[in-house]
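Asker: pasting the structure only:
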């Protein structure tokens, strides 16, 4: 089961249905957690211990733009509504108090005792993580009730405008281990959009994608060495494909797709990935 967290399409309006209604977004996010919880309980009722069930969440570490108390508070808040709002009910059986109180005051959101009982009984056997970037935020007195803004630091970015920040994967994995009872984890999505403005031959020579993957593999190994129970990794994606609101303009695949002929061609990153799998380790 996968959650896109409810806020992207219902509050930010970047994905379907394109709404910008905070009250609706909070209700949708709660319904996502409820659908997960009810499915887990039904699965266990039907199959007992014969099988495992988990959840995949889009998560990212959130860093403050400075050491000021205001910026640190903004970072904690963003982490709260983006990460803790989903992790806490799954692994702690309750919503984070600070974010719950915020939504209660802003949009009158309340959870019934019956819903919380269902959530508290469900949990998950494992956690899937979609990781692409970190967030860097600072306090901002904008019109938004959230009172923060994201900033871009100097660095490397993908064709999506996302910062390439492998260390954030380690931050995220270690934090989840420490704060959420050391769950079993898998990286269910990780990759970069790259090569949209290049001709085919240039796209196939995608050294930047190899560097991206290698950097994240090293941080995953770092996390494992520190005791994180990371049990799997899935690159996003095998093929160039349809990317939400961007259509076919963003290329995440390790295999190139010619959209005119549908011809598939391995990129250098695909051959590199194959060698890593074969030798069960990174090249020296």
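Answerer: Yep, that arrived. Quick caveat: nothing in here was measured; it's all calculated off a predicted structure.

Asker: and the contacts of stretch 265-279?
Answerer: Stretch 265-279 is contacted from outside by 200, 203-207, 209-210, 213, 217, 235, 253-256, 258, 282-283, using Cβ atoms under 8 Å, 6 or more residues apart in numbering. To be clear about C-beta, it is placed using only N, CA and C from the backbone, and glycine gets the same treatment.

Asker: what subset of these is buried?
Answerer: Buried subset of the contacts of stretch 265-279 (neighbour count, 16 or more other Cβ atoms under 10 Å): 203, 204, 206, 209, 210, 213, 217, 235, 253, 254, 255, 256.

Asker: could I get the phi/psi values of the spatially most central residue of the chain?
Answerer: Nearest residue to the geometric centre of the chain (Cα atoms, centre = their mean): residue 58, 2.2 Å. Note on residue 58: its backbone torsions stand at phi -90, psi 110 [degrees, to the nearest 10].

Asker: so how far is residue 173 from it?
Answerer: To residue 173, residue 58 is 15 Å away according to Cβ to Cβ, to the nearest Å.

Asker: before we move on, what about residue 234?
Answerer: 15 Å.

Asker: between those two, point out the one with more neighbours.
Answerer: Neighbours of residue 234 and residue 173, each counted by other Cβ atoms under 10 Å, are more numerous for residue 173; the result is 26 against 14.

Asker: what's that one in contact with, if anything?
Answerer: Contact analysis of residue 173 by Cβ under 8 Å, 6+ apart lists 129, 185, 220, 223, 228, 230.

Asker: do the same with residue 244
Answerer: residue 15.

Asker: nearest spatial neighbour of the residue nearest to the centre of the chain, skipping sequence neighbours?
Answerer: Of all residues not flanking residue 58 in the chain, residue 130 sits nearest, at 4.5 Å (Cβ to Cβ, 6 or more residues apart in numbering).

Asker: now the one you found: how far from residue 54?
Answerer: 13 Å.

Asker: what residues are shared contacts of these two?
Answerer: Counting by Cβ under 8 Å, 6+ apart, residue 130 and residue 54 have no common neighbour.

Asker: show me what the longest helix seen in the chain is packed against.
Answerer: Identified as the longest helix of the chain according to DSSP state H is helix 22-47. Judged by 3 or more Cβ pairs under 8 Å, 6 or more residues apart in numbering; DSSP states H and E, helix 22-47 is in contact with strand 2-3, helix 7-10, helix 85-92, helix 97-107, helix 113-122.
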